[in-house]
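A.B. asks: Dropping the sequence and predicted coords here.
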Amino acid sequence: MKNVIVTGANGFIGSSLINKFISHQIKVIAIDLSFSDDRLPDSELITKIECSLQSENEIIKVIPTVEYDCFYHFAWAGVNGPSKADPIVQLRNAETTLICAKVANTLHIKKFLCAGTIAERSVESLSNLKKTSGGMMYGVAKNATHSVLESYCKNVGLNFVWMQFSNIYGPQNKTGNLVSYTLSQLMNDNEATFGPALQPYDFIFVDDLLEAVYRLGEHTTNEISYFIGSGAPQVLKDYLLEIGKICDKEELIKIGVRSDDGIKYSYDMFDTSLLVRDIGNYVSVSFKEGIEETLRGY
(Lines give C-alpha, C1' and ligand atoms only; values in the text may rest on other atoms or scores of the structure.)
Protein backbone atom coordinates (compact mmCIF):
# COMPACT_ATOMS: atom_id res chain seq x y z
CA MET A 1 0.00 0.00 0.00
CA LYS A 2 1.12 3.53 -0.81
CA ASN A 3 -1.95 5.75 -0.39
CA VAL A 4 -5.02 5.21 1.81
CA ILE A 5 -8.08 7.13 2.99
CA VAL A 6 -9.35 6.83 6.57
CA THR A 7 -12.63 8.26 7.90
CA GLY A 8 -13.16 8.61 11.63
CA ALA A 9 -9.45 9.41 11.54
CA ASN A 10 -9.37 11.16 14.91
CA GLY A 11 -11.15 8.35 16.75
CA PHE A 12 -9.64 5.54 18.80
CA ILE A 13 -9.28 2.98 16.00
CA GLY A 14 -8.76 5.44 13.14
CA SER A 15 -5.93 7.34 14.81
CA SER A 16 -4.24 4.15 16.00
CA LEU A 17 -4.33 2.65 12.52
CA ILE A 18 -2.97 5.86 10.98
CA ASN A 19 0.03 5.70 13.30
CA LYS A 20 0.62 2.18 12.02
CA PHE A 21 0.36 3.35 8.40
CA ILE A 22 2.90 6.12 8.75
CA SER A 23 5.32 3.74 10.48
CA HIS A 24 5.22 1.85 7.16
CA GLN A 25 5.65 5.08 5.16
CA ILE A 26 2.11 4.94 3.80
CA LYS A 27 0.47 8.26 2.91
CA VAL A 28 -2.90 8.87 4.57
CA ILE A 29 -5.84 11.14 3.79
CA ALA A 30 -7.30 11.52 7.30
CA ILE A 31 -10.96 12.61 7.31
CA ASP A 32 -12.93 13.62 10.41
CA LEU A 33 -15.43 16.24 11.49
CA SER A 34 -12.81 17.97 13.63
CA PHE A 35 -9.17 17.73 14.64
CA SER A 36 -9.47 20.33 17.42
CA ASP A 37 -8.63 17.62 19.97
CA ASP A 38 -6.02 16.09 17.69
CA ARG A 39 -4.88 12.51 18.28
CA LEU A 40 -2.71 12.40 15.18
CA PRO A 41 1.02 13.19 15.07
CA ASP A 42 2.51 15.88 12.87
CA SER A 43 3.71 14.05 9.77
CA GLU A 44 4.18 14.95 6.12
CA LEU A 45 2.57 11.60 5.35
CA ILE A 46 -0.78 12.72 6.81
CA THR A 47 -3.21 15.09 5.09
CA LYS A 48 -5.93 16.10 7.56
CA ILE A 49 -9.32 17.03 6.12
CA GLU A 50 -12.21 18.30 8.26
CA CYS A 51 -15.32 17.24 6.39
CA SER A 52 -18.80 15.86 6.99
CA LEU A 53 -19.70 12.72 5.08
CA GLN A 54 -23.15 13.81 3.93
CA SER A 55 -22.37 14.57 0.28
CA GLU A 56 -20.52 12.41 -2.23
CA ASN A 57 -19.61 15.43 -4.36
CA GLU A 58 -18.29 17.46 -1.42
CA ILE A 59 -16.08 14.59 -0.26
CA ILE A 60 -14.65 14.05 -3.73
CA LYS A 61 -13.84 17.77 -4.01
CA VAL A 62 -11.54 17.73 -0.96
CA ILE A 63 -9.69 14.46 -1.67
CA PRO A 64 -6.43 14.92 -3.62
CA THR A 65 -6.38 13.19 -7.00
CA VAL A 66 -4.00 10.26 -6.75
CA GLU A 67 -4.36 6.50 -6.98
CA TYR A 68 -5.59 5.04 -3.68
CA ASP A 69 -5.09 1.46 -2.57
CA CYS A 70 -7.66 1.36 0.23
CA PHE A 71 -10.51 3.34 1.75
CA TYR A 72 -11.00 2.50 5.46
CA HIS A 73 -14.36 3.65 6.80
CA PHE A 74 -14.52 3.94 10.61
CA ALA A 75 -16.68 7.06 11.06
CA TRP A 76 -19.79 6.10 13.03
CA ALA A 77 -21.77 8.37 15.35
CA GLY A 78 -23.38 6.97 18.50
CA VAL A 79 -21.02 4.18 19.51
CA ASN A 80 -21.75 4.99 23.17
CA GLY A 81 -24.04 7.18 25.24
CA PRO A 82 -27.75 7.89 24.55
CA SER A 83 -27.28 8.21 20.78
CA LYS A 84 -26.35 4.54 20.64
CA ALA A 85 -30.08 3.83 21.00
CA ASP A 86 -31.23 6.62 18.68
CA PRO A 87 -32.60 5.04 15.47
CA ILE A 88 -32.25 8.27 13.47
CA VAL A 89 -28.56 8.63 14.39
CA GLN A 90 -27.93 4.99 13.55
CA LEU A 91 -29.78 5.14 10.22
CA ARG A 92 -27.72 8.18 9.23
CA ASN A 93 -24.62 6.10 9.85
CA ALA A 94 -25.85 3.60 7.29
CA GLU A 95 -26.42 6.42 4.81
CA THR A 96 -22.95 7.83 5.46
CA THR A 97 -21.38 4.43 4.88
CA LEU A 98 -23.09 4.10 1.49
CA ILE A 99 -22.00 7.62 0.51
CA CYS A 100 -18.39 6.69 1.31
CA ALA A 101 -18.71 3.49 -0.71
CA LYS A 102 -19.97 5.55 -3.66
CA VAL A 103 -16.96 7.86 -3.27
CA ALA A 104 -14.64 4.85 -3.28
CA ASN A 105 -16.30 3.55 -6.43
CA THR A 106 -16.17 6.92 -8.21
CA LEU A 107 -12.47 7.34 -7.38
CA HIS A 108 -11.72 3.76 -8.49
CA ILE A 109 -10.19 2.88 -5.12
CA LYS A 110 -8.93 -0.68 -5.12
CA LYS A 111 -10.56 -1.84 -1.87
CA PHE A 112 -13.24 -0.46 0.48
CA LEU A 113 -12.97 -1.71 4.07
CA CYS A 114 -15.67 -1.02 6.64
CA ALA A 115 -15.83 -1.60 10.40
CA GLY A 116 -18.56 -3.90 11.67
CA THR A 117 -19.05 -5.38 15.12
CA ILE A 118 -19.87 -8.62 16.88
CA ALA A 119 -22.94 -6.74 18.19
CA GLU A 120 -24.45 -7.38 14.75
CA ARG A 121 -24.99 -10.97 15.78
CA SER A 122 -27.31 -9.86 18.59
CA VAL A 123 -29.93 -9.35 15.86
CA GLU A 124 -30.31 -13.13 15.73
CA SER A 125 -31.82 -12.97 19.24
CA LEU A 126 -34.13 -10.02 18.50
CA SER A 127 -37.29 -11.99 17.68
CA ASN A 128 -37.11 -13.74 21.06
CA LEU A 129 -36.81 -10.54 23.11
CA LYS A 130 -39.66 -8.56 24.65
CA LYS A 131 -37.38 -5.64 25.53
CA THR A 132 -34.06 -4.45 24.12
CA SER A 133 -31.18 -2.30 25.35
CA GLY A 134 -29.62 0.66 23.54
CA GLY A 135 -26.85 -1.56 22.29
CA MET A 136 -29.33 -3.56 20.23
CA MET A 137 -30.16 -0.52 18.07
CA TYR A 138 -26.45 -0.09 17.33
CA GLY A 139 -26.13 -3.77 16.39
CA VAL A 140 -29.25 -3.66 14.21
CA ALA A 141 -27.90 -0.64 12.33
CA LYS A 142 -24.53 -2.27 11.72
CA ASN A 143 -26.25 -5.44 10.53
CA ALA A 144 -28.48 -3.51 8.13
CA THR A 145 -25.56 -1.46 6.85
CA HIS A 146 -23.60 -4.64 6.19
CA SER A 147 -26.39 -6.03 4.01
CA VAL A 148 -27.06 -2.83 2.05
CA LEU A 149 -23.34 -2.22 1.53
CA GLU A 150 -22.80 -5.76 0.27
CA SER A 151 -25.65 -5.39 -2.20
CA TYR A 152 -24.31 -2.06 -3.48
CA CYS A 153 -20.69 -3.19 -3.81
CA LYS A 154 -21.65 -6.37 -5.63
CA ASN A 155 -23.88 -4.34 -7.94
CA VAL A 156 -21.12 -1.88 -8.98
CA GLY A 157 -18.20 -4.31 -8.72
CA LEU A 158 -16.46 -2.54 -5.83
CA ASN A 159 -13.99 -4.75 -3.97
CA PHE A 160 -14.93 -4.51 -0.31
CA VAL A 161 -14.29 -6.14 3.05
CA TRP A 162 -16.62 -6.03 6.05
CA MET A 163 -14.50 -6.27 9.20
CA GLN A 164 -16.57 -7.59 12.09
CA PHE A 165 -14.69 -6.48 15.21
CA SER A 166 -14.76 -8.38 18.46
CA ASN A 167 -14.83 -6.44 21.75
CA ILE A 168 -11.73 -4.25 21.64
CA TYR A 169 -9.69 -3.23 24.67
CA GLY A 170 -6.49 -1.30 25.22
CA PRO A 171 -4.98 1.68 27.05
CA GLN A 172 -6.83 4.38 25.09
CA ASN A 173 -10.24 2.68 24.84
CA LYS A 174 -12.67 4.52 27.12
CA THR A 175 -15.82 3.65 25.17
CA GLY A 176 -17.60 2.02 28.11
CA ASN A 177 -17.57 -1.47 26.57
CA LEU A 178 -17.23 -4.47 28.89
CA VAL A 179 -13.49 -4.24 29.61
CA SER A 180 -13.52 -0.45 29.76
CA TYR A 181 -16.51 -0.46 32.14
CA THR A 182 -15.04 -3.20 34.34
CA LEU A 183 -11.63 -1.56 34.70
CA SER A 184 -13.19 1.85 35.34
CA GLN A 185 -15.28 0.42 38.17
CA LEU A 186 -12.44 -1.52 39.74
CA MET A 187 -9.95 1.34 39.52
CA ASN A 188 -12.45 3.49 41.43
CA ASP A 189 -13.06 0.70 43.98
CA ASN A 190 -16.65 0.27 42.81
CA GLU A 191 -18.48 -2.97 42.16
CA ALA A 192 -18.69 -4.10 38.51
CA THR A 193 -22.07 -5.77 38.08
CA PHE A 194 -23.12 -8.25 35.40
CA GLY A 195 -25.76 -10.74 34.41
CA PRO A 196 -25.14 -14.52 34.55
CA ALA A 197 -22.23 -14.20 32.05
CA LEU A 198 -22.45 -17.86 31.09
CA GLN A 199 -22.30 -17.55 27.31
CA PRO A 200 -19.22 -17.60 25.07
CA TYR A 201 -17.52 -14.29 24.44
CA ASP A 202 -14.34 -12.86 22.97
CA PHE A 203 -12.03 -9.88 23.43
CA ILE A 204 -9.12 -8.65 21.33
CA PHE A 205 -6.25 -6.35 22.27
CA VAL A 206 -6.18 -3.25 20.11
CA ASP A 207 -2.68 -3.85 18.68
CA ASP A 208 -3.71 -7.30 17.43
CA LEU A 209 -6.86 -5.90 15.86
CA LEU A 210 -4.87 -3.18 14.10
CA GLU A 211 -2.47 -5.76 12.70
CA ALA A 212 -5.39 -7.69 11.20
CA VAL A 213 -7.00 -4.53 9.80
CA TYR A 214 -3.70 -3.46 8.23
CA ARG A 215 -3.16 -6.87 6.64
CA LEU A 216 -6.70 -6.98 5.24
CA GLY A 217 -5.83 -3.91 3.21
CA GLU A 218 -2.45 -5.25 2.18
CA HIS A 219 -3.32 -8.88 1.38
CA THR A 220 -5.51 -10.42 -1.29
CA THR A 221 -8.83 -11.23 0.39
CA ASN A 222 -11.00 -14.17 -0.63
CA GLU A 223 -14.01 -13.33 1.54
CA ILE A 224 -16.22 -10.25 1.81
CA SER A 225 -16.63 -10.53 5.58
CA TYR A 226 -14.24 -11.54 8.37
CA PHE A 227 -14.61 -11.73 12.12
CA ILE A 228 -11.56 -10.23 13.85
CA GLY A 229 -11.11 -11.67 17.33
CA SER A 230 -8.61 -13.39 19.56
CA GLY A 231 -9.23 -16.85 18.12
CA ALA A 232 -9.67 -18.16 21.67
CA PRO A 233 -13.19 -17.36 22.92
CA GLN A 234 -14.25 -18.49 26.37
CA VAL A 235 -17.15 -18.12 28.79
CA LEU A 236 -17.68 -14.45 29.64
CA LYS A 237 -17.63 -15.18 33.37
CA ASP A 238 -14.06 -16.48 33.09
CA TYR A 239 -12.90 -13.27 31.38
CA LEU A 240 -14.49 -11.10 34.07
CA LEU A 241 -13.05 -13.10 36.94
CA GLU A 242 -9.61 -12.91 35.32
CA ILE A 243 -9.85 -9.12 35.14
CA GLY A 244 -10.72 -9.06 38.85
CA LYS A 245 -7.78 -11.34 39.64
CA ILE A 246 -5.29 -9.27 37.61
CA CYS A 247 -6.49 -6.11 39.38
CA ASP A 248 -6.42 -7.91 42.75
CA LYS A 249 -10.05 -6.90 43.24
CA GLU A 250 -11.93 -10.13 42.62
CA GLU A 251 -14.45 -9.28 45.34
CA LEU A 252 -15.72 -6.33 43.27
CA ILE A 253 -16.73 -8.53 40.32
CA LYS A 254 -20.43 -9.19 40.90
CA ILE A 255 -21.81 -11.79 38.50
CA GLY A 256 -25.51 -12.62 38.44
CA VAL A 257 -26.57 -9.29 39.94
CA ARG A 258 -28.21 -8.08 36.74
CA SER A 259 -30.85 -9.99 34.81
CA ASP A 260 -29.97 -11.84 31.61
CA ASP A 261 -30.42 -9.55 28.57
CA GLY A 262 -31.55 -12.52 26.46
CA ILE A 263 -28.91 -12.06 23.76
CA LYS A 264 -27.27 -15.34 22.82
CA TYR A 265 -23.87 -15.91 21.26
CA SER A 266 -22.30 -19.18 20.15
CA TYR A 267 -18.69 -20.23 19.71
CA ASP A 268 -19.00 -20.40 15.92
CA MET A 269 -19.69 -16.63 15.84
CA PHE A 270 -16.10 -16.06 17.02
CA ASP A 271 -14.43 -18.21 14.39
CA THR A 272 -11.29 -16.59 12.91
CA SER A 273 -10.16 -19.50 10.72
CA LEU A 274 -10.96 -17.79 7.39
CA LEU A 275 -9.13 -14.66 8.48
CA VAL A 276 -6.03 -16.57 9.58
CA ARG A 277 -6.10 -18.50 6.30
CA ASP A 278 -5.96 -15.26 4.31
CA ILE A 279 -3.68 -13.01 6.40
CA GLY A 280 -1.79 -15.38 8.70
CA ASN A 281 -1.70 -15.38 12.49
CA TYR A 282 -2.10 -11.81 13.76
CA VAL A 283 -2.59 -12.37 17.50
CA SER A 284 0.48 -11.87 19.71
CA VAL A 285 -1.01 -10.70 23.02
CA SER A 286 -2.79 -12.96 25.53
CA PHE A 287 -5.80 -11.64 27.44
CA LYS A 288 -3.77 -11.45 30.66
CA GLU A 289 -0.93 -9.57 28.93
CA GLY A 290 -3.40 -7.22 27.26
CA ILE A 291 -5.17 -6.34 30.51
CA GLU A 292 -1.83 -5.72 32.23
CA GLU A 293 -0.77 -3.44 29.38
CA THR A 294 -4.11 -1.63 29.54
CA LEU A 295 -3.66 -1.07 33.28
CA ARG A 296 -0.16 0.34 32.78
CA GLY A 297 -1.54 2.96 30.41
CA TYR A 298 -4.82 3.52 32.25
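C.D. replies: Looks like it arrived, so ask away.

A.B. asks: outside of the helix or strand hosting Lys245, which residues touch it?
C.D. replies: Using DSSP states H and E, Lys245 sits within helix 236-246. Helix 236-246 is contacted by residues 178-179, 182-183, 186, 192, 194, 196-201, 203, 250-253, 255, 287-288, 291-292, 295 when judged by Cβ atoms under 8 Å, 6 or more residues apart in numbering. The C-beta positions use only the backbone N, C-alpha and C, and glycine is treated the same way.

A.B. asks: From the residues you listed, which land in strands?
C.D. replies: Under the assignment DSSP state E, the contacts of helix 236-246 contribute Ala192, Phe194, Pro200, Tyr201, Phe203, Ile253, Ile255 to strands.

A.B. asks: So which bits of stretch 32-48 are buried?
C.D. replies: Residues of stretch 32-48 classed as buried by neighbour count (16 or more other Cβ atoms under 10 Å): Asp32, Phe35, Arg39, Leu40, Ser43, Leu45, Ile46, Thr47, Lys48.

A.B. asks: Any idea how far apart the tips of that stretch sit?
C.D. replies: End-to-end distance for stretch 32-48, by Cα to Cα, to the nearest Å: 8 Å.

A.B. asks: now swap in stretch 267-283 and tell me
C.D. replies: Per Cα to Cα, stretch 267-283 runs 18 Å from first to last residue.

A.B. asks: Then stretch 83-92?
C.D. replies: 12 Å.

A.B. asks: Name the residues of that stretch that are buried.
C.D. replies: Buried residues in stretch 83-92 (16+ other Cβ under 10 Å): Ser83, Lys84, Ala85, Asp86, Val89, Gln90, Arg92.

A.B. asks: Same check on stretch 285-292?
C.D. replies: Within stretch 285-292, judged by 16+ other Cβ under 10 Å, the buried ones are Val285, Phe287, Gly290, Ile291.

A.B. asks: Nearest to Val276 among the ones in strands among the contacts of helix 236-246?
C.D. replies: Within those, the smallest distance to Val276 is 17.3 Å, found for Phe203 (Cβ to Cβ).

A.B. asks: wait, doesn't that closest one sit right on Ser230?
C.D. replies: Yes - under the criterion of Cβ atoms under 8 Å, Phe203 makes contact with Ser230 at 6.3 Å.

A.B. asks: between these two, what contacts are shared?
C.D. replies: Ser166, Phe287.

A.B. asks: Do a quick rundown of the helices in the stretch 1-150 of the chain.
C.D. replies: For the stretch 1-150 of the chain, the helices defined by DSSP state H, counting those that start in this stretch occupy 12-23, 56-62, 87-106, 134-156.

A.B. asks: Mean pLDDT and distance to Val235 added to these, as a markdown table?
C.D. replies: Output for the helices of the stretch 1-150 of the chain, formatted as a markdown table (pLDDT from 0 to 100; distance: least, Cβ to Cβ, whole Å):
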| stretch | mean pLDDT | distance to Val235 |
| --- | --- | --- |
| helix 12-23 | 96 | 27 |
| helix 56-62 | 96 | 44 |
| helix 87-106 | 97 | 30 |
| helix 134-156 | 95 | 20 |
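
A.B. asks: Tabulate these in a markdown table, adding columns for distance to Ala115.
C.D. replies: Below are the helices of the stretch 1-150 of the chain laid out as a markdown table (distance: least, Cβ to Cβ, whole Å):
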| stretch | distance to Ala115 |
| --- | --- |
| helix 12-23 | 7 |
| helix 56-62 | 18 |
| helix 87-106 | 9 |
| helix 134-156 | 9 |
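
A.B. asks: what's the closest of the ones you listed to Leu126?
C.D. replies: In terms of Cβ to Cβ, the element of the helices of the stretch 1-150 of the chain nearest to Leu126 is helix 134-156, at 6.9 Å.

A.B. asks: Give me the buried positions along the closest one.
C.D. replies: Result for helix 134-156 [16+ other Cβ under 10 Å]: buried residues 135-146, 149, 152-153.

A.B. asks: Which member of these is positioned nearest Ser273?
C.D. replies: Taking Cβ to Cβ as the measure, Ser273 sits nearest to His146 out of the buried residues of helix 134-156, at 19.9 Å.

A.B. asks: dump the residue contacts of the closest one.
C.D. replies: Gly116, Glu120, Trp162, Ser225.

A.B. asks: Narrow these to those in strands?
C.D. replies: Using DSSP E, the contacts of His146 in strands are Gly116, Trp162, Ser225.
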